[in-house]
Each structure stands twice: as C-alpha cells, then as structure tokens.
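Engineer: sharing a model prediction with you, sequence too.
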Amino acid sequence: MMVTGLPQHRPVAGGVLARAVPALLPEPADDRIPGRGPVEGGRAPCGGPRREHPAHEGTLVTTRDTVTVALRHGLEAVDILRLRRACGAVLQSRNGSTVSFLVPAGTWETWHLPGSSCTAGALVPAATDPRWVIPPTGADRTARPTDAWVLRSALCEAACTLTAGGLGPF
C-alpha cells in the first residue's frame, strides 16, 4: 500500500534501505532535487537562497555509532523508547527522509536488522542544531546513546505497529 506524501523505501540486499544515509554523517546529495540532479542557479527547491553546508559541521565522535532508519519507522521507535524512558539522542537527516539514533561504539559490527543500517562513528552537530529530534541533554549537552538492544526491540515493535496499521511492510 502506498501512502501519499510519505517517502517510500524498499529494502535492498543485506537488509539496508536504498538511499538510507546516516543523518549524523555528511550528506553529499543534500543539494540535489531527487531525480533532477544539482539545484540550478544556487537556489533551494523552495525558491529561497541555498544554504551552504560546510563539509564537516559538528564534531566527529568515534565513541558512538549511528543506526539509521526511514522517518516514519524511526519516529514510531522514538515514541516507544520515550515511553520506556530509554531514548538517547536522535537526529533527522537534512532531507528529512531518515532519522539516526546514537548507539555505543562497536554496534556496527553486530547490527543486522532489515530496514536499517548501522555506521561506525558519528558526526554530531551542535546541540542547538534544529535537526535534533531528541537533542543532547544535561549541563554539558552530551549526546547520550541509546542501548543498541533496546533500540532493536523498539524498532521491531515499531515495524509491527506500522504494519498492523497498514503502513508496512518494512
């Protein structure tokens, strides 16, 4: 079933989403209109001036990995994790199609969950960046990770919930 207005993602070999790019890493395709190539004339698709993104905005954190999923799936998992009081920092991608969860380093070595991808390391933007769904907290604004296996459970539960509501399969 296709839902109007929502990005449709299809799994590819290895269970990784096609076009899924970790939101915490630089996105080379940010200045592109899907299917049309680079934005012409230095203008954003909305007609306003295009905002230039430096190649490395934020801090490279090697003590964290990132798990990236499609937007609707990720936001459902965020709701589940918040109810369990187990949600760490979460960031939406620049193009708004995915969300990324910070998880402890080393998670990428054992992560195998269809419909998601896990990448070693993270480029963490400032705590004031508007893309944070769940921003870094505390006095030192540290981006707290989500326990990887608690996240896995929440993502599975989210997939079941969305599928039951006619918005799956993943």
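Structural biologist: That came through, no problem.

Engineer: C-alpha only now, for contacts and for neighbours.
Structural biologist: OK.

Engineer: got the residue ranges for the helices in this protein?
Structural biologist: Along the chain, counting by DSSP state H, helices occupy 71-83, 148-164.

Engineer: quick one: which of those helices is nearest residue 134?
Structural biologist: Proximity to residue 134 (Cα to Cα) singles out helix 71-83 among the helices of the chain, at 8.5 Å.

Engineer: so what does that closest one touch, helix or strand wise?
Structural biologist: strand 98-104, helix 148-164 (3 or more Cα pairs under 8 Å, 6 or more residues apart in numbering; DSSP states H and E).

Engineer: need the winner for burial among those.
Structural biologist: Scoring these by mean neighbour count under mean count of other Cα atoms under 10 Å gives strand 98-104 as the most buried, with a mean of 27.

Engineer: in its sheet, what does the longest strand along the chain sit against?
Structural biologist: Scanning the chain for the strand with the most residues, using DSSP state E, yields strand 59-70. In the sheet, strand 59-70 lines up against strand 98-104 (antiparallel), strand 116-124 (antiparallel) (DSSP bridges).

Engineer: I'd like the average pLDDT over the longest one.
Structural biologist: Yep, that's strand 116-124 we're talking about. Averaging pLDDT along strand 116-124 yields 91.

Engineer: could you check the angle helix 148-164 makes with it?
Structural biologist: 120 degrees (axes from the mean of the first three to the mean of the last three Cα atoms, to 10 degrees).

Engineer: just want the angle from strand 116-124 to helix 71-83.
Structural biologist: Using the same axes, to 10 degrees: strand 116-124 against helix 71-83 is 70 degrees.

Engineer: and stretch 122-131, what's buried?
Structural biologist: 122-127, 131 (16 or more other Cα atoms under 10 Å).

Engineer: same check on stretch 134-151?
Structural biologist: For stretch 134-151, by 16+ other Cα under 10 Å, it's 134-136, 143-148, 151.

Engineer: and the contacts of that stretch?
Structural biologist: If you take Cα atoms under 8 Å, 6 or more residues apart in numbering as the criterion, stretch 134-151 is touched by 64, 77, 81, 86-91, 101-104, 107, 127-128.
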